[in-house]
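Chemist: My questions concern the predicted model and sequence given below.
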Amino acid sequence: MKPLTQKTRLDHSSIDYVESIDDFVSEFSSKKHNLQEKVFQHFESGIHMDSVRMIALSQTLLLLSASMVTAIVWASSGLTIDINTICWGELDHIRPNLDIQRVIEGALAAIPVILTGTFLAKSDNRDFAAVNFSTMDMVINLFGRRINSLRNDKEEVTDNHTLQPATPTSLALMYSVMIATMGGVCEEIVFRGLVPSTILHHSHSLELTLFSQAALFGMMHISPKVSPVENKVVSISQTVSGFWYGVVYLLTGGDILPCIIAHALHDSHVFMKTWMEINRQMDYTESAVLNQLTTADQRELRTIKEEAGPNLSFETLAFVRRFFYAFDYDRIGSLSKSDVQRALSYAFLNDNEKPNEERVKKLFAKLISLRVETTQNTSSSQRLELPEFTRLILHLRANPKSA
């Protein structure tokens, strides 16, 4: 990363840095402290067992309640449920054996869902980013921090680190597979077995059954605890997944096992991929903030501090630096336009006023155009360095909707 030889400015004459930045720092620090306490309390295993038990209970209640409702509906129609009654495909009976063909079918069925999820996770779209942040928060709360042989002492858990190591990778893998399998079994029996068989019995329409079970699957994932934006994204994506699992069920002749395998593989992939990536990024952030800033960067940050006045503290600048590295997904000391969009999505996650994405792109381009470099450094020509990102985020936090 080449140091800047000249300041890259936006007009700061009317900016009050403090009003929203201090709230931003305070809110994020509070979240960090809560995460640290959770990790500390479960340091021996790192797994938040209360959350695991809650997931197990919710899946069990889902299966039991759906079974009871289905039994009542079928009994009121004068029919008796047996294991073959819930088949709405062409399968005449449930295949009891776990042959390799069924496993391969399930593994192949998981590929499109995993690829789609991976694509959405990399998107810098604000709505998708909100869901990704919620997934990260859920996973790190569930499994804790990855264990590190160099820092695995309980006494080292302090407020000076984002999160300290707590969980062996093998243990996180075991619990992710267990939770994913439980979800796959319970949800697939309900939404690819009990629910569609009941719908088909009353509608006599395979097409209506296929779309209805998918829509109900999506609605089941709506939560009152998250924002309407997150619910919209999650419900739509889960509806599409439910439709795909329904198609897999029909293509395999009414066999629910490939659906269970595909569902479990996808969920365990999300758990482990998210957990590993967020831990790698935390490790990088902790390491990066300990490195000495270049003389040019120090000079630029002092200038920003002088421009903002006494209300902008060094603590806030240090926090912005940590925030900068947390979104440096390429880990090269600068942020791409996509990285910046994701960082700003998080910075304004709980705000009513949010900067327009097109405006962010224009400010990004302006900072790049104002840059004067000593050498032809094409590797970072379209990436923001720390002082530039600091100017951008402070400007937007103080003026989220200004032109």
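Modeler: That came through fine.
Chemist: For stretch 129-140, give the mean pLDDT please.
Modeler: Taken as a whole, stretch 129-140 has a mean pLDDT of 90.
Chemist: contacts for that stretch?
Modeler: Applying C-beta atoms under 8 Å, 6 or more residues apart in numbering, the contact partners of stretch 129-140 are 35, 120-121, 123, 163, 226-227, 229-230, 233-234, 270-271, 274-275, 278, 341-342, 345-346, 349. (C-beta placed from N, C-alpha, C; glycine too.)
Chemist: Name the residues of that stretch that are buried.
Modeler: For stretch 129-140, the neighbour count (16 or more other C-beta atoms under 10 Å) marks 129-132, 134-136, 139-140 as buried.
Chemist: for stretch 176-184, same thing?
Modeler: For stretch 176-184, burial by neighbour count (16+ other C-beta under 10 Å) applies to 176-177, 179-184.
Chemist: ok, N231 touching S223?
Modeler: Yes. N231 is within contact range of S223, at 6.6 Å (criterion: C-beta atoms under 8 Å).
Chemist: what about the two, which has more around it?
Modeler: Between N231 and S223, counting by other C-beta atoms under 10 Å, N231 is the more crowded of the two (18 against 12).
Chemist: Please name the residues that touch the more buried one.
Modeler: Listed by C-beta under 8 Å, 6+ apart, the contact partners of N231 are 222-223.
Chemist: which SS state does it fall under?
Modeler: helix (DSSP: H, G, I helix; E, B strand; the rest coil).
Chemist: Tell me how far it lies from T239.
Modeler: N231 is 12 Å from T239, where distance means C-beta to C-beta, to the nearest Å.
Chemist: go on, A318?
Modeler: Taken as C-beta to C-beta, the span from A318 to T239 is 43 Å.
Chemist: Between these two, which is the more surrounded one?
Modeler: Taking other C-beta under 10 Å, A318 and T239 do not tie; T239 has more neighbours (20 against 13).
Chemist: Secondary structure element for the more buried one, which one?
Modeler: helix 228-251 (DSSP states H and E).
Chemist: and R383, what are its phi and psi?
Modeler: Backbone torsions for R383, taken as degrees, to the nearest 10, come to phi -140, psi 150.
Chemist: domain assignment for the protein?
Modeler: Using automatic domain parsing, the domain parsing of the chain gives 18-31+291-398, 32-52+98-285.
Chemist: The host helix or strand of L108 vs helix 228-251, what angle?
Modeler: Using DSSP H and E, L108 falls within helix 100-121. Counting by axes from the mean of the first three to the mean of the last three C-alpha atoms, to 10 degrees, helix 100-121 lies at 160 degrees to helix 228-251.
Chemist: list the helices and strands helix 100-121 packs on?
Modeler: helix 126-143, helix 228-251, helix 257-288 (3 or more C-beta pairs under 8 Å, 6 or more residues apart in numbering; DSSP states H and E).
Chemist: Take that helix, keep the C-alpha atoms, and write them as CSV.
Modeler: Coordinates of each C-alpha in helix 100-121 appear next as CSV, following Å, rounded to 0.1, in the frame of the first residue of the first chain:
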residue,chain,number,x,y,z
ILE,A,100,-25.8,-44.3,-2.3
GLN,A,101,-28.1,-43.0,-5.1
ARG,A,102,-30.3,-41.2,-2.6
VAL,A,103,-27.3,-39.6,-0.9
ILE,A,104,-25.9,-38.5,-4.3
GLU,A,105,-29.3,-37.0,-5.2
GLY,A,106,-29.3,-35.0,-2.0
ALA,A,107,-25.7,-33.8,-2.4
LEU,A,108,-26.4,-32.7,-6.0
ALA,A,109,-29.6,-31.0,-4.9
ALA,A,110,-27.7,-28.9,-2.4
ILE,A,111,-25.3,-27.4,-5.0
PRO,A,112,-27.7,-24.8,-6.5
VAL,A,113,-28.8,-23.6,-3.1
ILE,A,114,-25.3,-23.3,-1.8
LEU,A,115,-24.1,-21.5,-5.0
THR,A,116,-27.0,-19.0,-4.8
GLY,A,117,-26.4,-18.4,-1.1
THR,A,118,-22.7,-17.8,-1.7
PHE,A,119,-23.5,-15.3,-4.5
LEU,A,120,-25.9,-13.4,-2.3
ALA,A,121,-23.4,-13.3,0.6
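Chemist: That one: which residues count as buried?
Modeler: Those buried within helix 100-121 under the rule 16+ other C-beta under 10 Å are 102, 105-106, 109-110, 113, 117, 120-121.
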